[in-house]
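In: Pasted the sequence and its predicted model underneath.
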There are 2 protein chains.
Amino acid sequence: MAEKGIYDIVFHKIETGKVKKLGNGSWLELQEIEYIDPNTKAIRKWELCKRKNCTTENKKNVDAIDIHAIIREVNKPPQIILVIQFRPPVGRYCIEFPSGLIDDNETVEAAALRELREETGYHGKIKRISEPICYEPGLTDSLTKVVDVEIDLTSIENINPKQKLEDDEWSLQVLKIPLDNLYDALQKLQQQHSEEIWIDSRLYNYAFGLNSAKDIYVVDN
Amino acid sequence: MAEKGIYDIVFHKIETGKVKKLGNGSWLELQEIEYIDPNTKAIRKWELCKRKNCTTENKKNVDAIDIHAIIREVNKPPQIILVIQFRPPVGRYCIEFPSGLIDDNETVEAAALRELREETGYHGKIKRISEPICYEPGLTDSLTKVVDVEIDLTSIENINPKQKLEDDEWSLQVLKIPLDNLYDALQKLQQQHSEEIWIDSRLYNYAFGLNSAKDIYVVDN
């Protein structure tokens, strides 16, 4: 699968043109960009929303990190650490992976460990960092990396975890959910709080993947 | 897990205030919204990007659908149908679930089957529809539903699938990848085309969930 040549994907060289600023806030900017359709040579336009002051500009870096933070204890099922917080754009509380923007001159590793500490109080150890992945590529240029982190509950740093929240994170609360039951737990939370919460799409898909795997890998169970 | 009372989540009642338009395009609008911080009673501001003319306004409906389209054939591993297309906001090709906006007065079901037909040529049968999930709730009010679809390759409709793409989907191509190898296949595609593609975050998390499950459910394999 995905060996060289199996997927015969055509990549056109795309020439980009003018950028028109349609709106400007302190954090976000609305733009209309032009590019040349390589088939018809027509000039096409697309609207997008950019985070300002982020490092995505050169398309090699990322502006945010999402954290998959797993607690593994002997003789216990692994648990994942999630956050729930009020999100003004949707006017509800959302259940999400811990996440955050990368500060200027900060590495992906440092940002992930810092955000995890600030949002949940836990100290983690990095296991793996993904390639950049795009958040909603029809709407924004936002790129993130997923950082897999393991949390050692026996470590002295993790005995009494304390959040250090920023002003705009006043509503953020921590959830710990066993991984082998994540999908069902999220469904139940959604049902119990059907007027108050949404589940984030990345978390939903991760949980759904975990759950679907039961049909694929454990067919005879 | 997630039984009543297990998760002691505090939901504040949030009063929303003024909305200021910071920018206006044909498709997107940049806004600054105000809300009252229930702890300090301070007025807080948040910037967001809204899709115009979408049905999310009342927070009960959704403006988009993502399609998990699976081909199940006897004696073959299940395959998932994905799309790859040029996405102007990130200036690259992105691998994503088939997806699209719901038309006015269109049901979620109809939108999912229509978008699947248009983007991939395949006719599907709906198995399940998720609750609304949020796309990037720090940046936009965009909500989607995940529609699980099964594709019967023996059906006469699916013998010679033909895309019917819209003008702005000129670059869209179809990929079929075995589910049990999805994560590795995406990693290989990313490595082979490291300057041309990004993987979408929802797809990444789904694939990563599927793959992680091997450690959780099939410990002794």
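Out: Arrived safely.

In: looking at it, A:Trp170 is touching B:Lys41, isn't it?
Out: No: using CB atoms under 8 Å, A:Trp170 makes no contact with B:Lys41, being 11.8 Å away. In short, each C-beta sits where N, CA and C put it, glycine included.

In: The two: which has the busier surroundings?
Out: Set A:Trp170 next to B:Lys41 and count neighbours by other CB atoms under 10 Å in any protein chain shown: A:Trp170 wins out with 16 against 8.

In: Chain neighbours aside, what residue packs nearest to that one?
Out: Nearest non-adjacent residue to A:Trp170, counting by CB to CB, 6 or more residues apart in numbering or on different chains: B:Asn39, 5.6 Å away.

In: Need the per-residue pLDDT for that neighbour.
Out: pLDDT, the model's per-residue confidence, is 85 for B:Asn39.

In: for the record, mean pLDDT for stretch A:145-159?
Out: 95.

In: got it, and stretch A:118-136?
Out: 96.

In: any idea how chain A splits into domains?
Out: Following automatic domain parsing, one gets these domains for chain A: A:16-51, A:57-213.

In: If I take the strand or helix carrying A:Glu34 and strand B:28-36, what angle do their directions form?
Out: Using DSSP states H and E, A:Glu34 maps to strand A:28-36. Inter-element angle recorded for strand A:28-36 and strand B:28-36: 170 degrees (by axes from the mean of the first three to the mean of the last three CA atoms, to 10 degrees).

In: Flag every buried residue along the following helix or strand past strand A:28-36.
Out: Going down the chain from strand A:28-36, the next helix or strand is strand A:43-51, by DSSP H and E. Neighbour-count burial for strand A:43-51, with 16 or more other CB atoms under 10 Å in any protein chain shown as criterion, is recorded at A:44-51.

In: and those residues near chain B, which?
Out: Among the buried residues of strand A:43-51, the residues lying close to chain B (CB under 8 Å from any CB of the partner chain) are A:44, A:46-49, A:51.

In: who touches the nearest residue in space to A:Thr144 that is not next to it in sequence in this structure?
Out: Spatial nearest neighbour of A:Thr144, excluding adjacent residues (CB to CB, 6+ apart): A:Ala64 at 4.3 Å. Contacts for A:Ala64 (CB atoms under 8 Å, 6 or more residues apart in numbering or on different chains) come out as A:54, A:99-102, A:135, A:142-145.

In: Rebuild those residues as a markdown table, extending it with neighbour count and secondary structure.
Out: Shown next, in a markdown table, are these (neighbours: other CB atoms under 10 Å in any protein chain shown; DSSP: H, G, I helix; E, B strand; the rest coil):
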| residue | neighbour count | secondary structure |
| --- | --- | --- |
| A:Cys54 | 18 | coil |
| A:Ser99 | 21 | strand |
| A:Gly100 | 20 | strand |
| A:Leu101 | 19 | strand |
| A:Ile102 | 23 | coil |
| A:Tyr135 | 28 | coil |
| A:Ser142 | 26 | coil |
| A:Leu143 | 25 | strand |
| A:Thr144 | 26 | strand |
| A:Lys145 | 21 | strand |
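
In: surely the residue nearest to A:Trp170 meets A:Glu169?
Out: No: using CB under 8 Å, B:Asn39 is not in contact with A:Glu169, being 11.6 Å away.

In: what sits opposite the residue in chain A positioned nearest to chain B in the beta ladder?
Out: Nearest to chain B in chain A, going by CB to the nearest CB, is A:Gly23, at a distance of 1.0 Å. A:Gly23 has the following beta-bridge partners by DSSP bridges: A:Leu30, B:Gly23.

In: give the contact list for it.
Out: A:29-30, B:21-25, B:29-30.

In: Mind picking the two most distant members of those residues?
Out: Greatest spatial distance in the contacts of A:Gly23: A:Glu29 and B:Lys21, 14.2 Å, computed using CB to CB.

In: middle-most residue in chain A, spatially?
Out: A:Asp66 (4.0 Å; CA atoms, centre = their mean).

In: Helix or strand with the lowest mean pLDDT in chain A?
Out: helix A:201-217 (a mean of 89; mean pLDDT, DSSP states H and E).

In: Say whether chain B is contacted by that one.
Out: Yes: interface with chain B: helix A:201-217 contributes A:201-214, A:216-217 (CB under 8 Å from any CB).

In: neighbour-wise, which of B:Asn39 and A:Glu169 wins?
Out: A:Glu169 (15 against 9).

In: ok, that one to A:Asp66 distance?
Out: 16 Å (CB to CB, to the nearest Å).

In: A:Tyr122 too?
Out: Taking CB to CB, one finds A:Tyr122 at 15 Å from A:Asp66.

In: Now find how far off-centre the host helix or strand of A:Leu182 is within its chain.
Out: Applying DSSP H and E as the criterion places A:Leu182 in helix A:182-192. The chain centroid and the centroid of helix A:182-192 are separated by 19 Å under CA atoms, centre = their mean, to the nearest Å.

In: And that helix, what does it pack against?
Out: Contact partners of helix A:182-192 among helices and strands, from 3 or more CB pairs under 8 Å, 6 or more residues apart in numbering or on different chains; DSSP states H and E: strand A:173-178, strand A:197-200, helix A:201-217.

In: could you give the angle of the first one to helix A:182-192?
Out: Just to be clear, that refers to strand A:173-178. 130 degrees.

In: in strand A:173-178, what counts as buried?
Out: Judged by neighbour count using 16+ other CB under 10 Å, the buried positions of strand A:173-178 are A:173-175, A:177-178.

In: if we can go back for a sec, compare A:Glu29 and B:Lys21 (neighbour count), which wins?
Out: Each of A:Glu29 and B:Lys21 has its neighbours counted (other CB under 10 Å); A:Glu29 has more, 22 against 11.

In: Show the pLDDT at that one.
Out: pLDDT, A:Glu29: 97.

In: so it touches A:Glu47, yeah?
Out: No: the criterion here is CB under 8 Å, and A:Glu29 misses it with A:Glu47 at 11.4 Å.

In: Leaving out chain neighbours, which residue sits closest to A:Pro77?
Out: A:Pro178 is the one closest to A:Pro77 (CB to CB, 6+ apart), at 4.6 Å.

In: List the contacts of A:Ser130.
Out: A:145-148, B:204, B:208.

In: If we use 6 Å, what do you get?
Out: A:145-146 (CB atoms under 6 Å, 6 or more residues apart in numbering or on different chains).

In: quick one: it and A:Lys50, what's the gap?
Out: Distance from A:Ser130 to A:Lys50, by CB to CB: 22 Å.

In: now do A:Thr40
Out: Taken as CB to CB, the span from A:Thr40 to A:Lys50 is 27 Å.

In: burial count for the residue lying closest to A:Ile14 once chain neighbours are set aside?
Out: Nearest non-adjacent residue to A:Ile14, counting by CB to CB, 6+ apart: A:Tyr35, 5.3 Å away. Neighbour count of A:Tyr35, defined by other CB under 10 Å: 18.

In: All set, thanks.
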